[in-house]
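Asker: got a structure for you, letters missing:
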């Protein structure tokens, strides 16, 4: 069967699992039609130049049924609780009430609210680069809607669990911050297995003056395939602080698209990808400056170990009416082993002269002068190297403003880097 | 004279095709301070780098004995653990690695090397803080990245701080006085003075007399065109200050 | 000076006298492109079989290819079957009869650029006798080159006199199937330049198409091949520093450079084809494939370009750094004004160990123009110690133009270092005010500041080119800022 036939087949077979409450059936069909029209990205598709989409050629798109027994597998995956955060757990894309906080606590955090009508329309279009959002729309089994007008701290854990059969997992989040709202959202993708893909979507709308601190951590297993889409729109003076931390997955692709629609809207994006083994991590970011005096700062770091490949594309577009825009991008890659690969694409598309835009990108080995300095102070060569690799992503880590979360993320990172003993005292 | 702490014999060094050291002979006994002076490009920094084991230099002849063992045979980190400290002329910035971590890692590496127990966090902090007071450095320096965003003077002070924490038996300070204002120079000089001890030696690589006003040298050597062309007592430095290097270079030529 | 020298006559005459001008002056082929068109061109030029076969293979490949649309360019579809792929050079009476018939705007531009009078006529396409001052220049020139063993001649002449060199090197850097336009060029190219610098020879002078009489008529599908043998050096200047009158809208040239061990090639271009008028009507479509291969150890290829002309520019002079320690360089100024569009940049492909490359790109956009830098730096797994530095700046003059930066940085070796920096800004108001306060006119102030912005590229140009490039810049931006 070709791609279109597989989509149709899997969709028809899964109909009983696809509720209108998650995504209305008309929207599902529209998404299927559009995805069929776009097809799977080809080898020459520039938007997917560096992604590993091979697992898609054999994956089943049918959503995983609700797992029968959760406790044993989940216990190992759930991270420690963070003080002051409401917890919400999705297992294979469905809300798992037994592991989440009480319905009342979730409601207090705005989970399960009804979103304003403006939500869908405000989001950036789904372009060819974001096409896997269509896959999520077509097959999502649940949709976690969050809406808040006040101050909220929420943790969403999206767990993909191994099932008996080939099946996919479709976590779907919609986040709407009312004007002036202030939210910290921690979104983690954990688990994963070879027999199923995880196709996640997160849509965000920030109202006027709203602030969202959004941490996204992907730490799926080495054999997992992750296709992720994040679309966000910022109204006037909204401030979006987004951290993208990709540590896991065998083949991971994240497409991020942020519209700075309102005057004075501001995006601070920090991203770090760290890979070992033969992982292929691909992040494609598109930031659209549409309002006046908008600002975007991006700090992206990649460390490719062993045989892994990391790619980061970040395109900043400044429209003709977005005078006063200010955009900065800093991309840095570090390759620590023969066989590893890093691809960076910092791109600018600028249609007004009233703009300040700059970017810098470097890829290379560890700085010899830094290494010698550490050696001259008596550090072991291996420790010195690990320390400098750590330092390479430290500026992204240091921007995780929550100490408890930072510690968890740092531990996960250090474990991934090997020689954890040498670095632990650093944390 | 007892066996010198550092003994350099006919050291010849190249960078690429260029011979930067053309037969250096130098003995530095324990307990002494030696000054190495000379015009720009004379090989002063090359000598410091070679002693510390910086890559990029090819030793083509000669020997260096440190505490009686072949210094050149050791990798850079082992030289450091044996007690050879280089104060860099241009200390590199290492964002993301904080000063406290580096100091502690370095101190413990040396202690392990001497089969001594590692210092615990409490003792370490007490030690560092006392040294920082001496160097008039603010405690916030500890949590900043190594030399990150430091001014020239702050970097030099940080080098001396590291030296005071590590307590090396031989400190080679490469133009530690350059770029310092008068007050900072005094602080740095005081720091160097506290390291003076009968079992240690200090080599000051410098252009100017002014550091030597505060740290009196036992011996002064003039390095030019890759060779030591004159050695003498402290009075030689004063003479150089007065007359410059040209008279020596003419003699040597 | 010796006009009796037969080799001199050959150089001066063959470009337009050889074969077709005299024999087939009345020939033109009907619009359209098929195997017969290619056979016709090849036969008219009396080419050997290998070249005809090569052209036909290129045509077959071209049929299979699709016109690329990834560049940030917008233009009406080109009907490739509506173009005449061979027309004998027009009779000299076709052009303007005298300078009095020439568009006064064009003449005013020449005046500003300081083009000598007789050159103005030639550039404007006025029918002038080919024998003027440059003959004497060409004579001395020819003598010195032959003494050094350098071959520098029209491509079609090289096909006849040095077929073994052409057969050996043609298409080895840009194969006929490389891309759509290269395939088209390979099938239908009419002429161009061929340069061979023998082992160990330092070419005694800068080679320039400026001296190649009839260069303006070499057509829309120019083909240039430069081979620098071991240890040789050559500097080649391409183009014309004044707007060339040209009736061909589509240009698809191919330039191949090959540097063997220890060889160096410096290739400088000042491109000022007709950009269209201030409303975006007319202008040249310039789809050029330029590539150099540093095949030998320690070889070096340096591209310098100042692109101020053409309505559409699609051009990525590139370096394949195969030899160990080889060096590639790309210095570019691209100016777009009115409705011009440029999508230009470079590729540096690091294959050999310790290969180095430098990219400096300065894009200036004014009016409604769109200016894109598109560049790729690839470090292959074997390129230990490879280094690249890229500096890529865009300057916007006015609120309706666009500047785009699209780099691809692909590294597959842990011992390589690639650094890329880019900025986009408008002219600093402080700088402008400073100049105005010192009494400069707004236009002079802008020229001064833009000149400073481009300085790192201009200083890579040979001296006389640099001065003219500076003048060109001023002319291109004239009236662009109000």
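Answerer: Right, received. Where do you want to start? Bear in mind that the values here come from a model prediction, so they are computed numbers and not experimental data.
Asker: check what pLDDT the closest residue to chain C within the stretch 51-200 of chain A gets.
Answerer: When scored by Cβ to the nearest Cβ, the stretch 51-200 of chain A has residue A:128 as its residue closest to chain C, at 13.0 Å. Any C-beta I mention is one placed from the backbone N, CA and C, and that applies to glycine too. What the model reports as pLDDT for residue A:128 is 93.
Asker: who's in contact with it?
Answerer: By Cβ atoms under 8 Å, 6 or more residues apart in numbering or on different chains, the residues touching residue A:128 are A:38, A:41, A:45, A:47.
Asker: which ChimeraX command selects the buried ones in these?
Answerer: To isolate in ChimeraX the members of these that are buried, counting by 16 or more other Cβ atoms under 10 Å in any protein chain shown, one can use:
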select /A:41,47
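Asker: and which of the contacts of residue A:128 is nearest to chain B?
Answerer: residue A:47 (32.1 Å).
Asker: so which of the contacts of residue A:128 sit within helices?
Answerer: residue A:38 (DSSP state H).
Asker: please list which of the contacts of residue A:128 are also close to chain B.
Answerer: Restricting those to those touching chain B (Cβ under 8 Å from any Cβ of the partner chain) yields no residues.
Asker: in the sheet, which strands lie alongside the helix or strand harbouring residue A:186, parallel or antiparallel?
Answerer: According to DSSP states H and E, residue A:186 maps onto strand A:182-191. When sheet partners are counted by DSSP bridges, strand A:182-191 sits next to strand A:151-160 (parallel), strand A:211-220 (parallel).
Asker: which SSE is immediately downstream of that strand?
Answerer: Following strand A:182-191 in sequence order, the next helix or strand is strand A:197-206 (DSSP H and E).
Asker: what about that following strand, distance to the chain center?
Answerer: 8 Å (Cα atoms, centre = their mean, to the nearest Å).
Asker: who does that strand touch, helix- and strand-wise?
Answerer: Under the contact criterion of 3 or more Cβ pairs under 8 Å, 6 or more residues apart in numbering or on different chains; DSSP states H and E, strand A:197-206 touches helix A:118-122, helix A:132-139, strand A:151-160, strand A:172-177, strand A:182-191, strand A:211-220, strand A:225-234, strand A:239-246.
Asker: now the fourth one: how far from the chain's centre is it?
Answerer: Once both centres are worked out by Cα atoms, centre = their mean, strand A:172-177 turns out to sit 14 Å from its chain's centre.
Asker: go on, the third one?
Answerer: On the basis of Cα atoms, centre = their mean, the separation between the geometric centre of strand A:151-160 and that of its chain is 13 Å.
Asker: buried set for that strand?
Answerer: Buried residues in strand A:151-160 (16+ other Cβ under 10 Å): A:152, A:153, A:154, A:155, A:156, A:157, A:158, A:159, A:160.
Asker: mean confidence for it?
Answerer: 94.
Asker: now do the first one
Answerer: Helix A:118-122 carries an average pLDDT of 91.
Asker: that helix packs against which elements?
Answerer: Partner elements for helix A:118-122 (3+ Cβ pairs under 8 Å, 6+ apart): strand A:197-206.
Asker: quick check: mean pLDDT across the strand it packs on?
Answerer: 96.
Asker: one more: stretch A:177-194?
Answerer: Stretch A:177-194 comes out at a mean pLDDT of 91.
Asker: that one: which residues count as buried?
Answerer: Buried residues in stretch A:177-194 (16+ other Cβ under 10 Å): A:177-178, A:181-193.
Asker: need the max-distance pair from those.
Answerer: Farthest apart among the buried residues of stretch A:177-194 by Cβ to Cβ are A:178 and A:193. That separation is 38.0 Å.
Asker: now do the helices in chain B.
Answerer: Using DSSP H, helices in chain B cover B:44-52, B:76-81, B:99-113, B:121-134, B:152-166, B:182-195, B:210-214, B:234-243, B:246-252.
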